[in-house]
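**Student:** compute the structure for the input listed below.
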Amino acid sequence: MPFDIKNIARPNILTLEPYTCARDLFSTGTLLDANENTHGPSIPDLTEAEKSLELFRYPDPHQAELKQQICDFRNSEASLPDSAVKIPNGKPLTIANLSLGVGSDESIDSLIRCFVAPGREKMLICPPNYGMYNICAKVNDVELVKVPLDLTNFQPQTDLIIETLKADPSIKLIYLTSPGNPTAVKIEHEKIIELLQAIEALDWNGLFVVDEAYIDFSPIGSSVSVLVNQYPNLVVLQTLSKAFGLAGIRLGICFADPSVALIQNSMKYPYNISNLTSDVAIRATTKEALAEMRQKVFDINAKGKKLIQDLLALDGLGKQVGGFDSNFFLIEVLNKQGEPDNETAIKVHMRLAEDKAVVVRFRGTELGCKGCLRITVGTDEENKTLVKELKAVLADI
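**Tutor:** Numbering: from 1, shown residues only. Take a look at the predicted model:
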């Protein structure tokens, strides 16, 4: 059965008339149509750069310039000779494939609201995974179906996912994180394609969402975002919060088939991307900025490998769990018997935070992560502080 958005989206969403913004029809001239305060903000020390953003104006509701720059960025990566994922059949990404949100979380929530009927339909997740999937499902009265990752390598179990879809046609969304959080393991792109092809053969009426928040810590050309024009069931989420170092601007990116992107753009809140966010994001995705981002990722990778080796040498810590396809990793905390232990890990976590002002995340309750702390790679100085203080805490537990 060919992909048809009418068989996937909720009927009330299909008939939705998008909000008409003041800038949809006219964006230049003497603009007296949007009840903006043309006298400007009441900030005495506003800089010239801030003034140039015309913060008294509503932002561009369509963000065409930013979307095009993001498309160019991903298309150019997929065109490199050593790119793992290539542009399929001469169909590069265009702005029709994109919607933007306030972080990836806005898209996670809006996809559920668009495509899963509350109280009747379900979504499938593959734990261990990002916690917002659970929260958004709960808020939207959507039941979760869980198909765990293979805990030997933290890759999806394709056969089990397909069996679950066959057994339960009420499942409308699949969420998969690559690289994983908290596992820091990138899902092999061959695995994703295998799952997409199996879904295609199944004639399943739903969407397969790959959350690539940390993808730019992986080798260039790892993103499957360029495949959305080949596999219309595929949706890919990204953000500038991680490798781009811009968590404060809260920009999320959703790549999808044009019919899916159109619905996402129709139901978003008007002017959801601010002038400040748009300006910084455009500057962050220039060729020069991308080159600098890649250098910083290289440095983070090198610092992370050294940090992992330093921590593995400490008494009281076990093995690294998962991978390091991101800017964080998992490591086990051991009890007196030399076993991964949640109680000991919680004590270490709290002592680090309360006594040493070093904050990491306890992730021991996640599937396959018993006794684990999730540690983000910091600066050289921060990493040295972590090793020193963690060694002291472990000796005292």
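**Student:** got the buried residues for stretch 55-64?
**Tutor:** Going by neighbour count (16 or more other Cβ atoms under 10 Å), the buried part of stretch 55-64 is 57, 58, 59, 60, 61, 62, 63. Using the backbone N, CA and C atoms, a C-beta is placed for each residue, glycine as well.
**Student:** which one of those is nearest to residue 383?
**Tutor:** Nearest to residue 383, judged by Cβ to Cβ, of the buried residues of stretch 55-64 is residue 63 at 36.9 Å.
**Student:** distance of that closest one from residue 323?
**Tutor:** Distance, residue 63 to residue 323, by Cβ to Cβ, to the nearest Å: 34 Å.
**Student:** kindly report the same for residue 337.
**Tutor:** From residue 337 to residue 323 the distance is 27 Å (Cβ to Cβ).
**Student:** please list all residues in contact with residue 323.
**Tutor:** For residue 323, the contact set (Cβ atoms under 8 Å, 6 or more residues apart in numbering) comprises 154, 179, 183, 184, 185, 186, 329.
**Student:** repeat that for 6 Å
**Tutor:** 184, 185 (Cβ atoms under 6 Å, 6 or more residues apart in numbering).
**Student:** next one: the one 5 residues further on
**Tutor:** Remark: with contacts taken as Cβ under 6 Å, 6+ apart, residue 328 is in contact with 184, 374, 376.
**Student:** for stretch 318-325, the distance to its chain's centre please.
**Tutor:** Centroid displacement of stretch 318-325 relative to its chain, using Cα atoms, centre = their mean, to the nearest Å, is 20 Å.
**Student:** typo on my end, it should be stretch 258-270
**Tutor:** 18 Å.
**Student:** quick one: the strands in this protein?
**Tutor:** Ranges of strands within the chain are 98-102, 122-125, 143-146, 171-177, 207-211, 234-239, 251-256, 317-321, 328-333, 361-362, 372-376, based on DSSP state E.
**Student:** just give me how far the last one sits from the chain centre.
**Tutor:** On the basis of Cα atoms, centre = their mean, strand 372-376 sits 18 Å off its chain's mean C-alpha point.
**Student:** what's that strand in contact with?
**Tutor:** Counting by Cβ under 6 Å, 6+ apart, 182, 321, 328, 330, 331, 332, 345, 360, 361, 363, 364 sit against strand 372-376.
**Student:** out of the buried residues of stretch 55-64, who's nearest residue 262?
**Tutor:** Using Cβ to Cβ, those come closest to residue 262 at residue 62, 11.9 Å.
**Student:** and the residue nearest the centre of the protein?
**Tutor:** The centre of the chain sits closest to residue 213, judged by Cα atoms, centre = their mean, with a distance of 2.7 Å.
**Student:** got the contact list for that residue?
**Tutor:** Here residue 213 is in contact with 104, 239, 242 (Cβ under 6 Å, 6+ apart).
**Student:** filter the contacts of strand 372-376 down to the buried ones, PyMOL style.
**Tutor:** Of the contacts of strand 372-376, the buried ones can be selected in PyMOL as follows, counting by 16+ other Cβ under 10 Å:
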select buried, resi 182+321+328+330+331+332+345+360+363+364
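**Student:** tabulate the contacts of strand 372-376 (CSV), appending pLDDT and distance to residue 303.
**Tutor:** Below are those laid out as CSV (pLDDT from 0 to 100; distance: Cβ to Cβ, whole Å):
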residue, pLDDT, distance to residue 303
182, 98, 19
321, 98, 20
328, 99, 12
330, 99, 17
331, 99, 15
332, 99, 21
345, 99, 23
360, 99, 16
361, 98, 18
363, 98, 21
364, 98, 25
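**Student:** longest helix anywhere in this structure?
**Tutor:** If you go by DSSP state H, the chain has its longest helix at helix 287-312.
**Student:** chain center to it, what's the gap?
**Tutor:** 19 Å.
**Student:** and that helix, what's its mean pLDDT?
**Tutor:** In this model, helix 287-312 has an average pLDDT of 98.
**Student:** now what about stretch 330-341, what contacts it?
**Tutor:** With Cβ under 6 Å, 6+ apart, stretch 330-341 has contacts from 182, 311, 316-322, 344-345, 348, 369-374.
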